[in-house]
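Chemist: Have a look; sequence and predicted model below, questions after that.
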Amino acid sequence: MSKNRALVPRAALLPQALNIVPYLTREEVSRLAAACEGKNALRDQLLIHTLFQTGLRISEALSLTPAKIATQNGKAVLDIIGKGRKPRRVACPNNLAHRLKSYAFDKKLRPQDKLFGINRTRAWKILKAAAQRAGIVKPVYPHLLRHSDAIERLRQTGNPKALQIHLGHESPLMTMRYLSTLTAEDALHIQQEVEFEE
């Protein structure tokens, strides 16, 4: 952290943290995954679903191995090393965990082999090509799927603290961006619903 930023009062950083974040809807994510093609279509679809359904950062998703898919209280979880080399457990839908394990089995991956076997540059290209084929005009990149997961979880649960833990954010200000996004959308919707007599 630079010396100048360290002197800025925390409240002054609030507007920056509360910027509206871009995201994809569930329907757009489905279209994106369906647009994957070629011999690695299944791998690419699994990458998209993993990023969207777990909220992992791209580096976290690309480091996934079969050994990192675990179970806690009958639910699937992913054991990852997050930002700052901090270990954490991330919820993973059981059906996605099953699909990841099946993929690893079919590809004869060993427990420590990387599930996706690609780098960040390749992941960006996969998403960009799928977005073009799906007719999605907004810019699509790996972190957008993390935003999309966050918005979907917050919309369904209304629990920003749980979302903060899920995403591995140290500061609640980072998580509050998603709440601000939904609040701004709700405010616009409310404004549009009001009709005035002329």
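Modeler: Yep, it's here.

Chemist: Residue for residue, what is the longest helix this protein has?
Modeler: Assignment by DSSP state H gives helix 172-193 as the longest helix of the chain.

Chemist: Report all helices and strands that that one contacts.
Modeler: helix 10-17, helix 142-157, helix 160-167 (3 or more CB pairs under 8 Å, 6 or more residues apart in numbering; DSSP states H and E). (C-beta placed from N, C-alpha, C; glycine too.)

Chemist: Residues in contact with the second one: which ones?
Modeler: The reference is to helix 142-157. By CB atoms under 8 Å, 6 or more residues apart in numbering, the surrounding residues in contact with helix 142-157 are 21-26, 29, 48, 51-58, 61, 120, 123-124, 127, 160, 162-163, 166-167, 175, 178-179, 181-182.

Chemist: One more pass at 7 Å, please.
Modeler: Identification of contacts with helix 142-157 by CB atoms under 7 Å, 6 or more residues apart in numbering yields 21-24, 26, 29, 48, 51-58, 123-124, 127, 160, 163, 166-167, 178-179, 181-182.

Chemist: Now do the helix or strand where Asn95 lies: distance to the chain's middle.
Modeler: Asn95 is part of helix 94-106, with elements assigned from DSSP states H and E. Here the centre of helix 94-106 is set off from its chain's centre by 19 Å, with CA atoms, centre = their mean, to the nearest Å.

Chemist: got the angle for the longest strand out of those in the chain vs helix 94-106?
Modeler: Determined from DSSP state E, the single longest strand within the chain is strand 75-81. An angle of 60 degrees separates the directions of strand 75-81 and helix 94-106 when computed by axes from the mean of the first three to the mean of the last three CA atoms, to 10 degrees.

Chemist: which neighbours does strand 75-81 have in its sheet, and in what orientation?
Modeler: Sheet partners assigned to strand 75-81 using DSSP bridges are listed as strand 69-72 (antiparallel), strand 87-91 (antiparallel).

Chemist: before we move on, the earlier item: can you list the helices and strands that the helix holding Asn95 packs against?
Modeler: For helix 94-106, the elements it packs on are helix 41-54, strand 69-72, strand 75-81, judged by 3 or more CB pairs under 7 Å, 6 or more residues apart in numbering; DSSP states H and E.

Chemist: Distance check, the most centrally placed residue in the chain against Cys92.
Modeler: Note on the chain: the residue nearest the mean C-alpha position is Arg146, at 1.8 Å, using CA atoms, centre = their mean. Per CB to CB, to the nearest Å, Arg146 is found 14 Å from Cys92.

Chemist: what residues are up against Tyr23?
Modeler: Neighbour list for Tyr23: 144, 147-148, 151 [criterion: CB under 7 Å, 6+ apart].

Chemist: Can you check what pLDDT the model gives it?
Modeler: We note a pLDDT of 94 for Tyr23 in this prediction.

Chemist: Flag the shaky bits of this structure, pLDDT-wise.
Modeler: Per-residue confidence for the chain (pLDDT under 70) gives these ranges: 1-19, 188-191, 194-198.
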